[in-house]
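In: Got a sequence here, can you build the structure:
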Amino acid sequence: ITHMGRALCVLVMCVGSLFVAANTAAFCSHITMTSQEFELMRKVEDEQWLHRITDAATNIMQSLWREKHNVLNPAVHLSPQRAKHRFAVVMRGYQAWKLKGPDVEPVAVPTLAAKRRERGALDST
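Out: Below is the predicted model of the structure:
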């Protein structure tokens, strides 16, 4: 293949990518959710928020227990103060979401299970 052929391949790949992106954007701009789909999405997001709140509350109880029994390792576990702060942040995010609706971005607070999964500790196989 000549240098001209390689340049032409690169040009066609770039134009093709732009063509696909433009068609996808044009198609997606006309798609809207029905009221049932919108309500379902709202319920799913509400469940996700409640899971985050439960996780944050559980962290408070765990940190208080660990502190009471002198097994709190600051390198690994949250202190009770940090756990309470995390809970407050999640609750503020949930309250903002409830007021403004599903267009509010959720607070990015990874759960302990997600951290373990990233490290490979919770493999399902």
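
In: Grab the longest helix from this protein for me.
Out: helix 35-68 (DSSP state H).

In: Name the residues of the helix or strand following that one that are buried.
Out: For helix 35-68, the following helix or strand on the C-terminal side (DSSP states H and E) is helix 80-100. When burial is assessed from 16 or more other CB atoms under 10 Å, helix 80-100 yields the following buried residues: 80, 83-84, 86-87, 90-91, 93-94, 97. In short, each C-beta sits where N, CA and C put it, glycine included.

In: ok, back up a step: what is the mean pLDDT for the longest helix of the chain?
Out: For helix 35-68, mean pLDDT is 89.

In: Taking their axis directions, it and helix 80-100 sit at what angle?
Out: Counting by axes from the mean of the first three to the mean of the last three CA atoms, to 10 degrees, helix 35-68 points 170 degrees away from the direction of helix 80-100.

In: Return the set of buried residues in helix 35-68.
Out: So for helix 35-68, counting by 16+ other CB under 10 Å, buried means 49, 52, 55-57, 59-60, 62-63, 66.

In: mind putting the residues you listed in TSV, distance to Ala22 included?
Out: Listed next are those as TSV, based on distance: CB to CB, whole Å:
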residue	distance to Ala22
Trp49	35
Arg52	37
Asp55	41
Ala56	42
Ala57	46
Asn59	45
Ile60	49
Gln62	50
Ser63	51
Arg66	54
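
In: Backbone torsions only: list them for Thr34.
Out: Phi and psi for Thr34, reported as degrees, to the nearest 10, are phi -80, psi 170.

In: now swap in Met33 and tell me
Out: According to degrees, to the nearest 10, Met33 has phi -80, psi 150.

In: Please apply the same query to His69.
Out: phi -100, psi 10.

In: mind checking how far it is from Gln62?
Out: Separation of His69 from Gln62 (CB to CB, to the nearest Å): 11 Å.

In: before we move on, what about Cys14?
Out: On the measure of CB to CB, Cys14 and Gln62 end up 52 Å apart.

In: what do you get for Ser29?
Out: Taking CB to CB as the measure, Ser29 falls 46 Å from Gln62.
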